[in-house]
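>>> predicted model, plus sequence, below.
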Amino acid sequence: MISDSEAGLPVLLTTVYDPVEAEIIVAKLRSAGIEAMVRHDALSVVYGLTVDGCGQQDILVRPGDLEEARAALEPSEDATEDVSMPEEET
């Protein structure tokens, strides 16, 4: 039996339960040059249900892009630096 990755079908990168978060992740991947898509249940969109897996948003990428996509979602050092507000001059 051929696996999804061997057949070239999209593979699961991650699962989130917020459609906005899913779109942010897909946008970040696309800005890195990685094709990505969201798979979700119609029930979660139509009725807004997010219980018992109904709000599940699967982020899918090409098998060859999986490692690069994982790396693209890792927090960068710039994002983890302590950001402080400039001091006010009096």
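Ah, there it is.

>>> wait, doesn't Val26 sit right on Arg39?
No: assessed by C-beta atoms under 8 Å, Val26 is found out of contact with Arg39, at 11.0 Å. Placement of C-beta: from N, CA and C, glycine included.

>>> compare those two (neighbour count), which wins?
Val26 (20 against 13; other C-beta atoms under 10 Å).

>>> looks to me like the more buried one is in a helix.
Yes: assigned with DSSP: H, G, I helix; E, B strand; the rest coil, Val26 falls within a helix.

>>> same question for stretch 70-88, mean pLDDT?
Averaged across stretch 70-88, the pLDDT comes to 71.

>>> can you give me the end-to-end distance of that stretch?
40 Å (C-alpha to C-alpha, to the nearest Å).

>>> where do the strands sit along the protein?
With strands called from DSSP state E, the chain shows them at 11-16, 36-40, 57-61.

>>> between the ones you listed, which gets the lowest average pLDDT?
Ranked by mean pLDDT, these end with strand 36-40 in last place, scoring a mean of 91.

>>> residue ranges for the helices of the chain, please.
In the chain, the helices defined using DSSP state H lie at 4-7, 19-31, 42-47, 66-73, 77-80.

>>> how big is the angle separating the fourth one from strand 57-61?
Taking axes from the mean of the first three to the mean of the last three C-alpha atoms, to 10 degrees, one finds that helix 66-73 is oriented at 120 degrees with respect to strand 57-61.

>>> so which bits of helix 66-73 are buried?
Applying a neighbour-count criterion of 16 or more other C-beta atoms under 10 Å, one finds 66, 69, 72 buried in helix 66-73.

>>> neighbours of the closest residue in space to the second one that isn't next to it in sequence, how many?
Sequence neighbours aside, Val61 is the residue nearest to Ala69 in space, at 4.6 Å (criterion: C-beta to C-beta, 6 or more residues apart in numbering). Other residues lying near Val61 total 23 when counted by other C-beta under 10 Å.

>>> got the end-to-end distance for stretch 22-39?
End-to-end distance for stretch 22-39, by C-alpha to C-alpha: 10 Å.
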